[in-house]
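J.: heads up, no residue letters with this:
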């Protein structure tokens, strides 16, 4: 029961975050095509953030499917992850409204890297409780994807001050890495 | 379990979307009857969008009732549907505030057609996994309703530039088509 | 399953409505006691609406506890109830910001009466399916409370144009009537 | 079932509150470091409130894990707790926007103390129903933490008018007290 309530709560928070981001898409004043132009960067940023939150929900789902029971430490590691995810609408709004200016783009990356770090902590907390022979531990393995993502984010953040397009491309690449189905965990079913 | 979590997440997103649309109904300044007049088109658009989201929730509910298990592909096809539904409050706000001007009305239709397409993709993804002899495959059959809806939306979008009233009427007709109870799926119970 | 998903969806919508109303409490500018004065009517209206939504959640909870299965008609009767409840934040904001002026107070009552009517329809739809000998049918009985509420709302709406205080008092009285535990349904447990 | 629906509803409300607070973090205009400076107090207040809501969710979770069945009284005691928690985003926004000025800081404390009181009432309502020999009654014991928190809040509220830093420190200390894992209840598992 403990596990299902944690899942329900996390689903609730992610569902609300994904939906609340839409409120950052300000309804334009006017009814011509050109009023949609300033909405475009916000819209593209919205799509990127939507995909990121979708990936987190998906991976969270798989991870807890493989988890057995949850401790107090897992509850807090999970709240820590949700904290960083909760900042996604804020940085999405800021980056979108400013046509991906350097600082907002870097801050967006900072939130993504903190979310990735907190996800790694959550994963390690669950595995520590279950032992290195558990299904989850074997499915995660060396967590190559997780490590590559962290490295890419660490490159993208300073790169925003060179040209924000580099960072945007890196954020899109990391999303693509995770969109590819994860055969390790899928194989567990 | 996988299936119930997907349902809970989708319910959460649709419940939030349906509720967040109300935030687009701006509380009027003033306390006389005439301050309610500009709220009226927003209110009518809200009713239309509420009915559409209600129909999607209802159909989603029936479809997953008939589904057995869900794959990674189904998770993403579902997130794809929720993405288009998440744009409903945005286009509802835009169309409502502009007394159904041509462009917002056409964009509203574009979101509806994309939602319908993504629903069809989700349905096909579930059926492919279950086989053409499954309960769902037989209940859906040739999916006449789905095809008619797509055709009507495709007419409504350009029609908005002739007269937006035509498009509004078509959107209402499609909603009515779906409000009529679907004997095919109800018969499964 | 059908029943539990309907409950979860309704819980979601009511939980969001109850929370979204707080967004109508505008954060005051300034840090002195007097900036809180204009917030006071909004706050009192918020309390009233919170209690109403709490009562609806509570009664909804008891009603579906007693219900066995749900049909397509019940799904739509439930969405109809949620529609009227979804307007509560809008009228709460309007009434609160205008110190309970006559028209907003009357419109608030109109939303309450429509919610009550739609609740009665939902209840009748469930009972029709279960038969007059069902637990719910016997628990509801002649539904004296429901009928008194409808009469009181019908008085409160025109009374707002005489003096809004009368309507406010009636809304509070109806809430009190329902806050008193309902021995009929509690007895079922 | 009654219990799980109450849990789901409470999870929903707390999940929404935690997420809605982020809307009080206004997206800054401009793209330089200095536009982030005014966001900082709002951000720190957000972190504090996030931790508080996380603690309430966590404790609520443990408490109902130990509860067996819920009565009508528990439903209302729970709604009472959620009412005070629902005001957290409002006071968070007010306190954050005003760099922790005395009055907003005191009002923040007032909401925290009312939340703590309503939590105590909820706890007592559940225990009364289960008897003093129940798991929950023994786990709660003399509720030292609860009592210390109430005393600290009662000091923090007037202290805000001396210096708001004192109150902020006290709020942080109370949060820390609760963040330390509660061995009494954890031991139940």
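T.: It's in. The shown structure was predicted, so the numbers you read here are calculated from the model rather than taken from an experiment.
J.: packing partners for the helix or strand where residue A:10 lies?
T.: Assigned by DSSP states H and E, residue A:10 falls within helix A:2-20. Here helix A:2-20 touches helix A:39-66, helix A:72-86, helix A:88-97, helix B:2-20, helix B:72-86, helix D:2-20, helix D:39-66, going by 3 or more Cβ pairs under 8 Å, 6 or more residues apart in numbering or on different chains; DSSP states H and E. For every residue, glycine as well, the C-beta is placed using N, CA and C.
J.: Quick one: work out the angle between it and helix A:88-97.
T.: Angle of helix A:2-20 versus helix A:88-97, following axes from the mean of the first three to the mean of the last three Cα atoms, to 10 degrees, is 20 degrees.
J.: want to throw the helices and strands packed on helix A:2-20 into TSV with mean neighbour count, mean pLDDT and distance to residue D:97?
T.: Below are the helices and strands packed on helix A:2-20 laid out as TSV (neighbours: other Cβ atoms under 10 Å in any protein chain shown; pLDDT from 0 to 100; distance: least, Cβ to Cβ, whole Å):
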stretch	mean neighbour count	mean pLDDT	distance to residue D:97
helix A:39-66	20	90	24
helix A:72-86	21	92	19
helix A:88-97	26	91	15
helix B:2-20	23	87	23
helix B:72-86	22	92	29
helix D:2-20	23	87	16
helix D:39-66	20	90	6
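J.: In a markdown table, list these along with distance to residue C:126.
T.: Shown next, in a markdown table, are these (distance: least, Cβ to Cβ, whole Å):
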| stretch | distance to residue C:126 |
| --- | --- |
| helix A:39-66 | 33 |
| helix A:72-86 | 37 |
| helix A:88-97 | 38 |
| helix B:2-20 | 20 |
| helix B:72-86 | 28 |
| helix D:2-20 | 17 |
| helix D:39-66 | 27 |
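J.: got the residues of chain A near chain B?
T.: Counting by Cβ under 8 Å from any Cβ of the partner chain, chain A comes close to chain B at A:7-8, A:11-12, A:14-16, A:18-20, A:22-23, A:25, A:27-28, A:31-33, A:36, A:47, A:50, A:54, A:57-58, A:61, A:65, A:179, A:181-182, A:186.
J.: Now with 7 Å, please.
T.: Proximity of chain A to chain B, by Cβ under 7 Å from any Cβ of the partner chain, involves residues A:7-8, A:11-12, A:15-16, A:18-19, A:22-23, A:25, A:27-28, A:31-33, A:50, A:54, A:57-58, A:61, A:65, A:181, A:186.
J.: picking up where we left off before, now the helix holding residue A:10 against helix D:39-66, angle please.
T.: 150 degrees.
J.: contacts for helix A:2-20?
T.: A:50, A:53, A:56-57, A:60, A:64, A:67, A:69-70, A:75, A:78, A:82, A:85-86, A:88-89, B:5, B:8-9, B:12-13, B:16-17, B:20, B:86, D:7-8, D:11-12, D:15-16, D:18-19, D:23, D:57, D:61, D:65 (Cβ atoms under 7 Å, 6 or more residues apart in numbering or on different chains).
J.: Let's see that with 6 Å instead.
T.: A:53, A:57, A:60, A:64, A:70, A:82, A:85, A:89, B:8-9, B:12-13, B:16-17, D:11-12, D:15-16, D:19 (Cβ atoms under 6 Å, 6 or more residues apart in numbering or on different chains).
J.: Please apply the same query to stretch A:88-107.
T.: Applying Cβ under 6 Å, 6+ apart, the external contacts of stretch A:88-107 come out as A:20-21, A:24, A:41-42, A:45, A:49, A:108, A:111, A:157, A:160-161, A:164, A:167-168, D:22, D:25, D:27, D:31.
J.: Out of the residues you listed, which end up buried?
T.: Buried members of those, counted by 16 or more other Cβ atoms under 10 Å in any protein chain shown: A:20-21, A:24, A:42, A:45, A:49, A:108, A:111, A:157, A:160, A:164, A:167-168, D:22, D:25, D:27, D:31.
J.: quick revisit: among the helices and strands packed on helix A:2-20, which comes closest to residue A:122?
T.: For residue A:122, the closest of the helices and strands packed on helix A:2-20 is helix A:72-86, at 4.2 Å, according to Cβ to Cβ.
J.: Now do residue A:65 against residue B:100, distance only.
T.: 45 Å (Cβ to Cβ, to the nearest Å).
J.: isn't residue A:152 right next to residue A:175, touching?
T.: No - here residue A:152 does not reach residue A:175: they are 10.5 Å apart, not a contact under Cβ atoms under 6 Å.
J.: okay, now residue A:34: neighbour count?
T.: 8 (other Cβ atoms under 10 Å in any protein chain shown).
J.: Against chain C, how distant is it?
T.: Distance check for residue A:34 against chain C: by Cβ to the nearest Cβ, to the nearest Å, it reads 31 Å.
J.: What of residue A:65?
T.: Taking Cβ to the nearest Cβ, one finds residue A:65 at 19 Å from chain C.
J.: show me the contacts for the nearest residue to residue A:89 once chain neighbours are set aside.
T.: In this structure, residue A:89 finds its nearest non-sequential neighbour in residue A:21, 4.5 Å apart by Cβ to Cβ, 6 or more residues apart in numbering or on different chains. Contacts here follow Cβ under 6 Å, 6+ apart; on that basis residue A:21 touches A:46, A:49, A:89, A:92.
J.: out of these, which one sits closest to residue D:132?
T.: Nearest to residue D:132 among the contacts of residue A:21 is residue A:89, at 46.1 Å by Cβ to Cβ.
J.: quick one: the closest one and residue D:29, what's the gap?
T.: 17 Å.
J.: Next one, pLDDT for the residue nearest to residue A:89 please.
T.: We have a pLDDT of 89 for residue A:21.
J.: tally of neighbours for residue A:37?
T.: Neighbours of residue A:37 under the rule other Cβ under 10 Å: 10.
J.: Who are the contact partners of it?
T.: Residues near residue A:37 by Cβ under 6 Å, 6+ apart: none.
J.: Quick check: chain neighbours aside, which residue is closest to residue A:80?
T.: residue A:118 (4.7 Å).
J.: swap that for residue A:161, please
T.: Nearest to residue A:161 is residue A:102, by Cβ to Cβ, 6+ apart, at 5.0 Å.
J.: do the same with residue A:166
T.: Closest residue in space to residue A:166, ignoring its immediate chain neighbours: residue A:159 at 4.3 Å, by Cβ to Cβ, 6+ apart.
J.: Could I get the pLDDT score of the residue nearest to residue A:161?
T.: Looking at residue A:102, its pLDDT is 92.
J.: burial of it, as a residue count?
T.: The number of residues packed near residue A:102 is 17, by other Cβ under 10 Å.
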